[in-house]
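Engineer: No sequence on hand, only this structure:
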Ligand code: 3SL
């Protein structure tokens with residue numbers, strides 16, 4: 001396995017993921033929100049690059065079949081229905097709907113990785129499913145969303161969790177420096193993951209905004225067993241079994 005970890009989107013050229021499997025990681029909170037939306041029955045999710053695109057897409061979708069969500073600097077857009085808290089994406093709100101999502105870093109990381117052969121969304125909440133899904137992959141890029149072009153500890157910890165899992169399953173894992181840095185950071189913190197995420201920069205930023213419950217939720221391992229996959233212009237989900245059968 002050739003394993004590369006991009007510690008933030010600014011560390012990613014468009015072609016870096018070309019022909020590879022990419023896992024997009026934004027533990028706080030976009031990846032966790034996407035998993036929550038799908039585990040509560042969202043039909044699909046359209047990640048948005050900018051507000052102009054959001055306006056265009058939303059004006060073509062009936063309110064009955066779509067929900068808008070997202071944040072800027074952690075806070076909900078006035079014109080959107082939901083913010084970026086995974087706890088808002090309940091069955092009652094998202095079941096059967098198309099979610100249109102715009103976030104500060106997570107949706108940008110998704111859009112920046114569009115040339116990947118396969119792109120999935122990962123975080124602690126679907127950790128084991130992601131590790132299982134990529135175990136037969138030969139060329140894997142983990143793209144950490146980070147925060148405004150800078151690495152984030154929580155994304156780095158999840159990248160390190162995956163690197164550590166894969167190194168235990170596979171014979172030859174060739175890691176780049178990003179993967180080694182992430183894995184060492186994970187190994188140092190694996191017995192205090194929640195605490196580390198509560199203490200890190202973005203954990204603290206979210207706590208200051210009143211989202212401590214989100215930070216704890218996003219640090220929880222294996223709450224769901226789904227894999228959100230980017231297909232065409234949107235993200236859909238299938239069970240791990242269906243995805244493995246198709247590959
Ligand atoms: O940066 C992002 O994409 C967001 O997930 C950030 S926040 O956790 O909603 O503030």
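Structural biologist: Good, I have the coordinates. Note that the structure is predicted; figures quoted are calculated from it, not measured.
Engineer: helix, strand or coil for the one residue sitting closest to the centre of the chain?
Structural biologist: By CA atoms, centre = their mean, the chain has its centre lying nearest to residue 31, at 2.7 Å. With DSSP: H, G, I helix; E, B strand; the rest coil as the basis, residue 31 sits in helix.
Engineer: can you check the one 10 residues further on too?
Structural biologist: The assignment at residue 41 comes out as coil when based on three-state DSSP.
Engineer: re the thing from before, quick one, what contacts the residue nearest to the centre of the chain?
Structural biologist: 24-25, 106, 121-123, 125, 145 (CB atoms under 8 Å, 6 or more residues apart in numbering). Heads up, the C-betas are built off the backbone N, CA and C, glycines and all.
Engineer: Show me what from the protein comes close to the ligand.
Structural biologist: Within the chain, the positions near the ligand by CB under 6 Å from any ligand atom are 26, 28-30, 71, 74, 84, 103-106, 145, 206.
Engineer: tell me which helix or strand of the protein sits lowest on mean pLDDT?
Structural biologist: helix 240-246 (a mean of 62; mean pLDDT, DSSP states H and E).
Engineer: follow-up on the earlier one: of the residues of the chain next to the ligand, which is the most crowded?
Structural biologist: Greatest neighbour count in these, by other CB atoms under 10 Å, goes to residue 26: 34 neighbours.
Engineer: who's residue 2 bridged to?
Structural biologist: On the basis of DSSP bridges, residue 2 is bridged to residue 139, residue 174.
Engineer: Could you measure from it over to residue 146?
Structural biologist: Residue 2 sits 22 Å away from residue 146, going by CB to CB, to the nearest Å.
Engineer: Equivalent analysis for residue 176, please.
Structural biologist: 16 Å.
Engineer: out of those two, which sits in the busier spot?
Structural biologist: Counted by other CB under 10 Å, residue 176 and residue 146 do not tie: residue 146 has more neighbours, with 27 against 14.
Engineer: ok, for that one, nearest residue in space, not its chain neighbours?
Structural biologist: Among residues not flanking residue 146 along the chain, residue 8 sits closest, at 3.0 Å (CB to CB, 6 or more residues apart in numbering).
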